[in-house]
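> quick one: sequence plus predicted model below, questions after.
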Amino acid sequence: MVATTDWTQRLSSEGAIRDEAISQLREILVRGLRKSLSNRGVDDAFVEDIVQDALLRILASLNTFEGRSRFTTWAMAIAVRTAIGEMRRRHFKDVSLEQIVGENGLSLELEDADNVSTADQMDKQALYDELRRRIDTELTERQQTVIHALLGGMPVETIADRMGTNRNAVYKMMHDARMKLKNAFESAGVSGEEIQGILAGGA
């Protein structure tokens with residue numbers, strides 16, 4: 001097994017040493033992604049493209065690796081995030097904001113678990129109903145669109161493109177919307193801890 005310090009040193013070096021380390025890491029990432037994405041219906045070409053993008057991100061982020069896990073575990077996490085992000089972008093490529101928001105507005109699914117009591121389920125339903133109401137009454141139309149799209153799983157980049165704006169503007173709308181909802185719930189006597197407790201399902 002290659003030591004963590006060996007990975008970072010070799011990848012930070014130059015010439016043949018660095019090239020060999022990149023080649024070895026590439027093989028590890030390809031094998032890992034093929035296994036992780038085996039049930040996602042992706043082909044080898046997709047895996048190869050993702051590994052190439054992931055390697056660039058890994059090499060650019062070497063100075064952020066803190067050694068809290070094995071280097072290959074850290075690198076694989078970056079590769080998996082890269083893959084998931086690309087799959088989400090492809091999934092929403094031809095999906096409009098109108099489709100993701102839907103005619104019925106916000107849709108939140110309650111978990112169906114044996115360890116969640118009926119009382120907890122009722123608390124959750126009440127909270128979700130209030131959340132829907134607050135979104136409709138407290139937020140601007142564009143803030144509502146951002147919240148709906150994010151909860152629907154649409155990537156920020158895609159939301160920005162559909163709305164004719166940029167990532168920073170979407171993040172700003174998201175932040176402002178969250179603050180409005182937070183203040184609205186607090187003014188109604190519902191604390192952040194209570195909301196978190198209800199959403200946690202009594203776990």
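Yep, it's here.
> on the pLDDT front, check Ala79 for me.
Listed pLDDT for Ala79 reads 93.
> helices and strands around whichever strand or helix holds it, which ones?
Using DSSP states H and E, the element containing Ala79 is helix 71-91. The contact analysis (3 or more Cβ pairs under 8 Å, 6 or more residues apart in numbering; DSSP states H and E) places helix 71-91 against helix 4-12, helix 15-36, helix 44-60. The way it works is simple: take the backbone N, C-alpha and C, and place the C-beta from them, glycine included.
> now do 10 Å
Helices and strands touching helix 71-91, by 3 or more Cβ pairs under 10 Å, 6 or more residues apart in numbering; DSSP states H and E, are helix 4-12, helix 15-36, helix 44-60, helix 156-163.
> what angle sits between that helix and helix 156-163?
Helix 71-91 and helix 156-163 are oriented at 20 degrees to each other (axes from the mean of the first three to the mean of the last three Cα atoms, to 10 degrees).
> now do helix 71-91: distance to the chain's middle.
Relative to its chain's centre, helix 71-91 lies at 10 Å (Cα atoms, centre = their mean, to the nearest Å).
> please point out which parts of that helix sit buried.
Buried residues in helix 71-91, counting neighbours by 16 or more other Cβ atoms under 10 Å, are found at Phe71, Thr72, Trp74, Ala75, Met76, Ile78, Ala79, Val80, Thr82, Ala83, Glu86, Met87.
> same deal with stretch 141-148?
Gln143, Gln144, Thr145, Val146, Ile147, His148.
> re earlier: as JSON lines, the buried residues of helix 71-91 with distance to Leu127 would be great.
JSON lines is the format used below for those (distance: Cβ to Cβ, whole Å):
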{"residue": "Phe71", "distance to Leu127": "42"}
{"residue": "Thr72", "distance to Leu127": "41"}
{"residue": "Trp74", "distance to Leu127": "36"}
{"residue": "Ala75", "distance to Leu127": "39"}
{"residue": "Met76", "distance to Leu127": "36"}
{"residue": "Ile78", "distance to Leu127": "35"}
{"residue": "Ala79", "distance to Leu127": "36"}
{"residue": "Val80", "distance to Leu127": "32"}
{"residue": "Thr82", "distance to Leu127": "34"}
{"residue": "Ala83", "distance to Leu127": "33"}
{"residue": "Glu86", "distance to Leu127": "34"}
{"residue": "Met87", "distance to Leu127": "31"}
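> and those residues, which two are the farthest apart?
Largest separation among the buried residues of helix 71-91 by Cβ to Cβ: Phe71 and Met87, giving 24.8 Å.
> now flag whichever of the buried residues of stretch 141-148 is closest to Val156.
Proximity of the buried residues of stretch 141-148 to Val156 (Cβ to Cβ) peaks at Val146, which lies at 8.9 Å.
> the closest one - nearest residue in space that isn't next to it in sequence?
Leaving aside its sequence neighbours, Val146 sits nearest to Met173 (Cβ to Cβ, 6 or more residues apart in numbering; 4.7 Å).
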